[in-house]
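# kindly return the folded structure for what I paste below:
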Amino acid sequence: MSRIGKKPVSIPDKVKVSVDKANVVTVEGPKGKLTLQVSPRIKIIVEDSTVRVERPTDLKMDRAMHGLYRSLINNMIIGVTQGYKKELEMVGVGYKAQVKGKELVLEVGYSHPVNYPIPEGISIQTPKPTQIVIEGIDKQQVGQVAAEIRKVRPPEPYKGKGIKYAGERIRRKAGKAAGKK
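Below you'll find the model as predicted:
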């Protein structure tokens, strides 16, 4: 049996979890509401303060979905109680970011500023001009937004200039001059 899938997910006091007939899981908490369409092969059981995920057979596909849906439901519960946060750092001369209305304006060495529209359900702050903080209740959406912003100017291996995740190590390369002797 799946090690992750067989663990029950505990439901905190302020969170309400429900499953309807179409196998749609709804999680409501202090920070918001999330829904997830679950495969009809997977059975979701909500008991007093836990959620259990069960599978019908030991087929490879059922085993994979068993652990997947358990993790997704756990992430939804964490999202509506604590939320998720990603931090990005900008390295480079003149690189800066600022929030203007519903857009994030990035100046990252191009001839023009790059405008990134902030999606619904996501909040972006720029405590420093070279730091971007992305917050939201949906783990997947927060990660996707962070990846899209990083993609505007990924860090390059020679000087390390670009947008990177906070704490990310960039593998550096020696330039042309290092090879000549």
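
# domain map for this protein?
Domains of the chain are assigned by automatic domain parsing as 9-81, 84-165.

# could I get those domains as a markdown table with mean neighbour count, distance to Lys176 and mean pLDDT?
All C-beta atoms are positioned from the backbone trio N, CA, C, and that covers glycine. Formatted as a markdown table, the domains of the chain follow (neighbours: other C-beta atoms under 10 Å; distance: least, C-beta to C-beta, whole Å; pLDDT from 0 to 100):
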| stretch | mean neighbour count | distance to Lys176 | mean pLDDT |
| --- | --- | --- | --- |
| domain 9-81 | 16 | 46 | 92 |
| domain 84-165 | 16 | 10 | 95 |
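
# out of these, the one nearest Lys173 is which?
domain 84-165 (4.4 Å; C-beta to C-beta).

# and the closest one, how far apart are its ends?
This stretch, domain 84-165, spans 14 Å end to end (C-alpha to C-alpha, to the nearest Å).

# from the chain's centre, how far out does it sit?
14 Å (C-alpha atoms, centre = their mean, to the nearest Å).

# on that earlier part again, let me have the domains of the chain in JSON lines, extended by distance to Ala174.
Formatted as JSON lines, the domains of the chain follow (distance: least, C-beta to C-beta, whole Å):
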{"stretch": "domain 9-81", "distance to Ala174": "41"}
{"stretch": "domain 84-165", "distance to Ala174": "9"}
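
# what about the strands in this protein?
Taking DSSP state E, the strands of the chain run over residues 9-10, 16-19, 24-29, 32-37, 43-47, 50-54, 84-91, 96-100, 103-107, 114-117, 122-125, 131-136, 162-165.

# JSON lines please, covering the ones you listed and showing distance to Met76.
Below are these laid out as JSON lines (distance: least, C-beta to C-beta, whole Å):
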{"stretch": "strand 9-10", "distance to Met76": "9"}
{"stretch": "strand 16-19", "distance to Met76": "8"}
{"stretch": "strand 24-29", "distance to Met76": "4"}
{"stretch": "strand 32-37", "distance to Met76": "5"}
{"stretch": "strand 43-47", "distance to Met76": "12"}
{"stretch": "strand 50-54", "distance to Met76": "10"}
{"stretch": "strand 84-91", "distance to Met76": "11"}
{"stretch": "strand 96-100", "distance to Met76": "27"}
{"stretch": "strand 103-107", "distance to Met76": "26"}
{"stretch": "strand 114-117", "distance to Met76": "25"}
{"stretch": "strand 122-125", "distance to Met76": "16"}
{"stretch": "strand 131-136", "distance to Met76": "12"}
{"stretch": "strand 162-165", "distance to Met76": "23"}
